[in-house]
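Engineer: need a structure here:
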Amino acid sequence: MATQITCRRVYEETTARDGKRVLVDRVWPRGMRKEDLHLDEWLREVAPSTELRKWYGHDPDRFAEFRRRYLSELRDSQHRQAAVHLRDLATHDTVTLLTATKDIEHSQAAVLAEWLAGKR
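Structural biologist: Numbering: from 1, shown residues only. You can find the predicted model right below:
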């Protein structure tokens, strides 16, 4: 049975279909208490570097370049261990990648979901 990878905002309700809930943001979401997030893991090390995140600024016009740079970062020593761990989770379980970003389609969660789907 193939596992499923989905992306959701941290502010959405938890569902039984979420499987493992993994926060993939480098910073904790504003206004969220840890006990309200129903989180299995927080993999901040898999998130884009602070420099890349600030450069991108969630500007959809920069998404293609952000995606390219972020995929490159996933191969570097600072991200590799967390990326491998996330890939392992996605191989064995349904995984919901959580982010505080409003535009999920242009987020690191979307890039990660695509990357994980191609790595199985």
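Engineer: got a list of what Leu23 touches?
Structural biologist: 10, 29, 37, 39, 41-44, 98-99 (Cβ atoms under 8 Å, 6 or more residues apart in numbering). In this view, the C-beta of every residue, glycine as well, is placed from N, C-alpha and C.
Engineer: What subset of the residues you listed is buried?
Structural biologist: 10, 29, 37, 39, 41-43, 98-99 (16 or more other Cβ atoms under 10 Å).
Engineer: of the contacts of Leu23, closest to Gly57?
Structural biologist: Thr99 (15.0 Å; Cβ to Cβ).
Engineer: check which helix or strand covers the closest residue to that closest one other than its chain neighbours.
Structural biologist: Counting by Cβ to Cβ, 6 or more residues apart in numbering, Thr99 lies nearest to Ala109, which is 4.3 Å off, once chain neighbours are set aside. If you go by DSSP states H and E, Ala109 is part of helix 108-119.
Engineer: now what about the worst-scoring helix or strand of the chain on mean pLDDT, what contacts it?
Structural biologist: Every helix and strand in the chain was compared by mean pLDDT, DSSP states H and E; the lowest is helix 34-37, with a mean of 86. Contacts with helix 34-37, where a contact means Cβ under 8 Å, 6+ apart, come from 10, 21, 23, 29, 98.
Engineer: what's near enough to touch the nearest residue to Val27 once chain neighbours are set aside?
Structural biologist: Spatial nearest neighbour of Val27, chain neighbours left out: Arg44 (7.8 Å); criterion: Cβ to Cβ, 6+ apart. By Cβ under 8 Å, 6+ apart, the residues touching Arg44 are 23, 25-27.
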